[in-house]
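**Q** 3D model of this:
(one chain, ligands or ions: 1)
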Amino acid sequence: MARKFFVGGNWKCNGTTEEVKKIVTTLNEAEVPSEDVVEVVVSPPFVFLTLVKSLLRSDFHVAAQNCWVRKGGAFTGEVSAEMLVNLGIPWVIIGHSERRSLLSESNEFVGDKVAYALSQGLKVIACIGETLEQRESGSTMAVVAAQTKAIADKVTNWSNVVLAYEPVWAIGTGKVATPAQAQEVHCELRKWLHDNVSAEVAASTRIIYGGSVNGGNCKELAAQADVDGFLVGGASLKPEFIDIIKAATVKKN
Ligand SMILES: O=C[C@H](O)COP(=O)(O)O
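**A** Below you'll find the predicted structure:
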């Protein structure tokens, strides 16, 4: 089954109204492969979601960077999945390592969030990835398998899930995983899905890579058989994000 290339831009906690408008203008003016070839989703901070949605070209989509684990209510500071649906926001990023580490989101909590967001009709970019210490101790696969299992335990329909493998040591460090390192983990993750979920889910679920992806390294990473796209942080705020979107064409060559 063909997996459409996916490029997400995670703007994290960055931007003013003017900066956001400038980024959107750059995206809107860009010549990129068609929607049949690449799915593009940008994720501004909550406060800019509706602005970006209203200005952004119709072939690109928006994602929230988080949502609450269950139905909204007395949860000060949180944003519910229902609210995102109400605003017409189709995607949400869940389980980013910054939230896992800085806000102590556990594997189980992330699994619950993914399941709840899906139940409300959102599409989910679910993030997993090991720390440097975990990689150096040889536990990369055990860590990402446990993170994926916590999601798989709660999710029955994977058709609206994109799995983002983001090694923590590569995030915002300029220290990108080598294409071989990314491929190795993506291939193992696909095998894990095959053995623990189903052959169909393994074949159809997009596994994207995140961690210091830029205009210079994206093509070589995109050429890896099990790399189905990217979740881009820093470079998604810059014009080189367009080059990363264009890396989708590598898959067609
Ligand atoms: O969600 C995106 C990742 O955290 C990657 O961020 P980065 O491209 O700035 O390393």
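
**Q** chain center to stretch 136-144: distance?
**A** Per Cα atoms, centre = their mean, to the nearest Å, the displacement of stretch 136-144 from the mean C-alpha position of its chain is 20 Å.

**Q** may I see the buried residues of it?
**A** 140-141, 143-144 (16 or more other Cβ atoms under 10 Å). The C-beta positions use only the backbone N, C-alpha and C, and glycine is treated the same way.

**Q** so which of the residues you listed is the closest to the ligand?
**A** residue 144 (15.1 Å; Cβ to the nearest ligand atom).

**Q** how near is that closest one to residue 185?
**A** Counting by Cβ to Cβ, to the nearest Å, the gap from residue 144 to residue 185 is 6 Å.

**Q** shared neighbours of those two, anything?
**A** Common neighbours of residue 144 and residue 185 (criterion: Cβ atoms under 8 Å, 6 or more residues apart in numbering): residue 165.

**Q** quick one on the thing from earlier: residue 71: which of the buried residues of stretch 136-144 is nearest?
**A** Ranked by distance to residue 71 (Cβ to Cβ), the buried residues of stretch 136-144 are led by residue 144 at 29.6 Å.

**Q** so which helix or strand takes in the closest one?
**A** If you go by DSSP states H and E, residue 144 is part of helix 140-152.

**Q** what is the subsequent helix or strand relative to that helix?
**A** strand 161-165.

**Q** neighbours around the closest residue to residue 167 other than its chain neighbours, how many?
**A** The shortest distance from residue 167 to any residue other than its chain neighbours is 4.8 Å, reached at residue 129 (Cβ to Cβ, 6 or more residues apart in numbering). Counted with other Cβ atoms under 10 Å, the neighbours of residue 129 add up to 27.

**Q** what sits against residue 210?
**A** So residue 210 contacts 8, 10, 127, 129, 164-166, 170-171, 230-233 (Cβ under 8 Å, 6+ apart).

**Q** so which of those reach the ligand?
**A** Filtering those for proximity to the ligand (criterion: Cβ under 6 Å from any ligand atom) leaves 10, 166, 171, 231-233.

**Q** isn't the residue nearest to residue 167 up against residue 168?
**A** Yes: in this structure, residue 129 is within contact of residue 168 by Cβ atoms under 8 Å, at 5.4 Å.

**Q** which residues do those two both contact?
**A** By the contact definition Cβ under 8 Å, 6+ apart, residue 129 and residue 168 are jointly contacted by 97, 211.

**Q** now do the residue of the stretch 151-253 of the chain found nearest the ligand against residue 11, distance only.
**A** Going by Cβ to the nearest ligand atom, the ligand is nearest to residue 233 of the stretch 151-253 of the chain, at 2.2 Å. Residue 233 sits 8 Å away from residue 11 when distances are taken as Cβ to Cβ.

**Q** over to residue 173?
**A** As judged by Cβ to Cβ, residue 173 and residue 11 stand 18 Å apart.

**Q** up against the ligand, what does the stretch 1-150 of the chain have?
**A** 10, 96.

**Q** now residue 68, what's its secondary structure?
**A** Assigned by DSSP: H, G, I helix; E, B strand; the rest coil, the conformation of residue 68 is coil.
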